[in-house]
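Engineer: Provided below are the primary sequence and the corresponding predicted coordinates.
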Amino acid sequence: MTRSAGAVHAADLLAWYDRHRRDLPWRARAGERADPYRVWLSEIMLQQTTVQTVKGYFERFLDRFPDIGALAAAPSAAVMQAWAGLGYYSRARNLHACAQAVVASHGGRFPADEAALLALPGIGAYTAGAVAAIAFDLPAVAVDGNVERVLSRVYALEEPLPRAKATIRKLALALLPGERSGDFAQALMDLGATICTPKRPACALCPWSQPCRARREGTAETFPRKEAKKQGALRKGAAFVVLRADGHVLLRDRPPRGLLGGMAEAPGTEWSADFDAGHAVAAAPLDAPWRLLAGSVRHVFTHFPLELTVYRAEVPASTPAPPGSRWQARARLDGEALPTVMRKVLAHAGIVEG
């Protein structure tokens, strides 16, 4: 059967993928069956995180939790510690809850059904589509940022994101081949990651170069169109780093829900736009000879930037931990579920290396 010139065909993309597919630690080799656990774990980790960053975390996580049963049975603190540094910590909480749900409700096997996958904790439309297609070769699509960029350029979509998501999903479904749904999903991801990049796309190497409207019009870098984002207001606060004479550091655990839920932190004030630095020490966790450190710690969350003033104090080895706090040996801080912002705080105070 002949194909019309200038039309977009999945077969062209799959032929390119067979030659140029990336070798990734979670990806099955050509001809091998994908492991649903590895597919799911990698897709959760890759949300809002680069492939290069995820590679090391993925392999260490697998060493610690080699299968869904091991992850489900693990204490939540162990899961959060293994996740520390990856950010977006609600993903780790949902990851643990999903593992427990798969064990409790599906006998430790991911369901080979997109709707059933979507019903599991922490699995949205993208992850359900990715697992369904890649792990089970079901007729499903996984629309991430790479896919949005590729298809918005191929069809020169003027509709901005996020409103264009539904349109892009329909276009992806229309292109879905009768076979090799999993390879098609991964091929779209690879095309966006290696060829159809945000800046300076390598259009001459693209298997869809001919039918791509944005390429023909010389406007590829202007797609996808995006609605202007509203930057959250700067929040400020203070963090208190206490070092006991025997080399222990004062920590507390954040509430299990909300921003950085369940993670460990140095005690501190609330973070707010109207933070009053003049009264910060009044919120210190204990009476001590507090020393205000020069400079500040800056961190950017998804919805707001943060600036923390850091105080440090040294106290006798006999000092008890205030209610809701605990002492941890300085040498064992690597075992704590410390988010990146708190590692910055401790580095600023000279407790850990920056």
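Structural biologist: Perfect, thanks for sending it.
Engineer: what helix or strand does residue 104 sit in?
Structural biologist: helix 90-106 (DSSP states H and E).
Engineer: mind exporting that helix as PDB, just the C-alpha atoms?
Structural biologist: Output of helix 90-106 as PDB, limited to C-alpha atoms (Å, rounded to 0.1, in the frame of the first residue of the first chain):
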ATOM      1  CA  SER A  90       4.300  13.700  46.700                       C
ATOM      2  CA  ARG A  91       5.500  11.400  44.000                       C
ATOM      3  CA  ALA A  92       7.300   9.300  46.500                       C
ATOM      4  CA  ARG A  93       4.300   9.100  48.800                       C
ATOM      5  CA  ASN A  94       2.000   8.100  45.900                       C
ATOM      6  CA  LEU A  95       4.600   5.700  44.700                       C
ATOM      7  CA  HIS A  96       4.600   3.800  48.000                       C
ATOM      8  CA  ALA A  97       0.800   3.900  48.200                       C
ATOM      9  CA  CYS A  98       0.500   2.600  44.600                       C
ATOM     10  CA  ALA A  99       2.800  -0.300  45.400                       C
ATOM     11  CA  GLN A 100       0.700  -1.200  48.400                       C
ATOM     12  CA  ALA A 101      -2.500  -1.000  46.300                       C
ATOM     13  CA  VAL A 102      -1.000  -3.200  43.600                       C
ATOM     14  CA  VAL A 103      -0.100  -5.800  46.100                       C
ATOM     15  CA  ALA A 104      -3.400  -5.600  48.100                       C
ATOM     16  CA  SER A 105      -5.800  -5.400  45.100                       C
ATOM     17  CA  HIS A 106      -3.900  -7.000  42.200                       C
END
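Engineer: Buried ones in whatever helix or strand comes next after that helix, by neighbour count?
Structural biologist: Going down the chain from helix 90-106, the next helix or strand is helix 114-118, by DSSP H and E. By neighbour count with 16 or more other C-beta atoms under 10 Å, helix 114-118 contains the buried residues 114, 117, 118. Yep, even glycine has a C-beta here, placed from its N, CA and C like the rest.
Engineer: May I have the beta-bridge partners of residue 243?
Structural biologist: Beta bridges link residue 243 to residue 249, residue 314 when assigned by DSSP bridges.
Engineer: Could you do the one 10 residues further on as well?
Structural biologist: When assigned by DSSP bridges, residue 253 has beta-bridge partners residue 264.
Engineer: For it, which residues are in contact?
Structural biologist: 262, 263, 264, 265 (C-beta atoms under 8 Å, 6 or more residues apart in numbering).
Engineer: Tell me the spacing between it and residue 262.
Structural biologist: To residue 262, residue 253 is 7 Å away according to C-beta to C-beta, to the nearest Å.
Engineer: follow-up on the earlier one: closest one to residue 45 out of the buried residues of helix 114-118, please.
Structural biologist: residue 117 (16.9 Å; C-beta to C-beta).
Engineer: Tell me how far that closest one lies from residue 336.
Structural biologist: For residue 117 relative to residue 336 (C-beta to C-beta), the value is 33 Å.
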